[in-house]
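A.B. asks: Kindly generate the corresponding structure for this input.
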Amino acid sequence: MRKFSQKTRIIACFFAAVALFVYSCLESPDFGEFIEDEDVMEFVDKINVSVGLTDDSDSGLTGGVNKVSGLVAGRYYKVEKKNDDGTFTFSGYVKSDGTLSLNIIDISRAATGMEITGLINDVTYRVVSAKAVDAIDTVSSASASPSTVAPVNGVVNLSPTSNTNITINLPAKYDSSYNKVRVPSPTGTNIVLNAMNVTMTVNQTAEFVFYNDSAKDFRFLRIVVGSPPKTEITISFTMPGNNAPAFNPNSVTMSRGDIIGGTAPNISVPGDFASIQWRYDGSDVTYGISDGGKTFNINEFFKDGIGFGECIPGSAHTFSVLVVKDSVSYSAIFTVNIIN
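C.D. replies: Okay, the predicted model is just below:
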């Protein structure tokens with residue numbers, strides 16, 4: 001059944017009412033002759049023509065003039081044209097600009113407000129989005145033995161690895177009859193029968209689209225390698241009698257790449273302190289501070305505080321730290337040294 005937009009129905013009804021009003025004002029010998037007039041029929045056809053959608057298209061979609069709207073952001077879509085005999089002809093995968101491509105590597109997730117354009121009015125289409133891959137067999141890498149990780153809504157979250165060639169072993173049902181393409185498709189992606197091999201590092205995502213033409217099965221799989229757990233460098237604050245209070249150690253060395261990449265360890269100062277106040281260049285440090293000053297995130301200090309431009313290899317950043325314990329204030333110096 002054709003689905004017309006509410007706007008199209010309203011416009012058609014409006015012009016039909018206008019046509020009846022005009023007819024009532026004319027001395028026409030026959031109403032049938034009026035509505036069968038070629039000019040009138042052509043006019044009515046133009047105002048009532050739009051893109052049609054099959055009942056098994058995704059819910060929420062609306063056919064308009066040469067387009068389909070109502071796409072859900074983040075989904076992959078494909079389009080098929082319904083023929084007069086009830087069969088379907090593949091029209092294409094939806095690209096980032098809303099147009100169609102016959103090549104699956106051009107497919108892109110729908111953006112907010114995106115529409116499928118370039119369609120033919122008075123033609124019915126089936127528009128469906130990719131379903132999530134519901135299962136994989138195992139995930140293995142050069143540094144880990146095979147393990148089973150169940151996809152959640154088509155997403156597989158993996159523990160952090162570094163430059164690891166990850167092999168995704170798929171169930172037999174996703175055999176070689178499925179086209180499996182990484183999107184966007186980078187150089188070097190290797191897809192072999194029921195196994196997919198892809199090199200990934202921390203904080204990376206790889207997306208795949210599967211399609212079985214004969215089974216009309218259209219799916220997606222997203223592999224996510226997360227961030228490594230945040231490590232900590234523990235320093236102790238000593239108050240040795242008459243000697244000056246000090247940190248032990250009183251400095252730490254971090255790489256610029258780790259700081260910018262967010263993998264540099266936090267600085268932790270355990271102890272029964274009423275408060276710990278970090279100061280830099282004469283001002284209180286507010287970015288990167290948590291747990292009353294007992295935890296200091298260097299990445300956030302540079303990113304949101306003084307800026308990564310100050311994270312220069314060879315530089316040293318000295319902090320004065322005010323510690324309050326048993327209503328007594330103590331101060332000490334702590335330095336962060338930056339290397340490549």
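
A.B. asks: what about the stretch 51-200 of the chain, any weak spots by pLDDT?
C.D. replies: Along the stretch 51-200 of the chain, the parts satisfying pLDDT under 70 run over 141-148, 160-165, 185-195.

A.B. asks: Val321 is in contact with Val336, isn't it?
C.D. replies: No. Counting by CB atoms under 8 Å, Val321 stays clear of Val336, with 12.0 Å between them. For glycine as for every other residue, the C-beta is placed from the backbone atoms N, C-alpha and C.

A.B. asks: where along this structure do the helices fall?
C.D. replies: In the chain, the segments counted as helices under DSSP state H are 6-25, 31-35, 38-48, 256-261, 298-300.

A.B. asks: Comparing those helices by mean pLDDT, which bottoms out?
C.D. replies: Looking over the helices of the chain, mean pLDDT reaches its minimum on helix 6-25, with a mean of 53.

A.B. asks: Okay, the residue nearest to Trp278 when sequence neighbours are not counted and Asn297: tell me how far apart.
C.D. replies: What sits nearest to Trp278 in space, not counting adjacent residues and going by CB to CB, 6 or more residues apart in numbering, is Val285, at 4.0 Å. Distance check for Val285 against Asn297: by CB to CB, to the nearest Å, it reads 10 Å.

A.B. asks: try Val252
C.D. replies: Where Asn297 is concerned, Val252 sits at a distance of 13 Å (CB to CB).

A.B. asks: higher neighbour count, these two?
C.D. replies: Neighbours were counted for Val252 and for Asn297 using other CB atoms under 10 Å; Asn297 has more, 19 against 16.

A.B. asks: Ramachandran angles for the more buried one?
C.D. replies: The phi and psi values for Asn297, taken as degrees, to the nearest 10, are phi -90, psi 100.

A.B. asks: tell me which residues of stretch 55-63 are tucked away?
C.D. replies: 57-58, 61-63 (16 or more other CB atoms under 10 Å).

A.B. asks: so what's the residue nearest to Ile223 when sequence neighbours are not counted up against?
C.D. replies: Leaving aside its chain neighbours, Ile223 sits nearest to Ala206 (4.6 Å; criterion: CB to CB, 6+ apart). Contacts for Ala206 were tallied using CB atoms under 8 Å, 6 or more residues apart in numbering; they are 182, 198, 200, 222-223.

A.B. asks: How about Ser129?
C.D. replies: Shown in contact with Ser129 (CB under 8 Å, 6+ apart): 58, 72, 75-77, 218.
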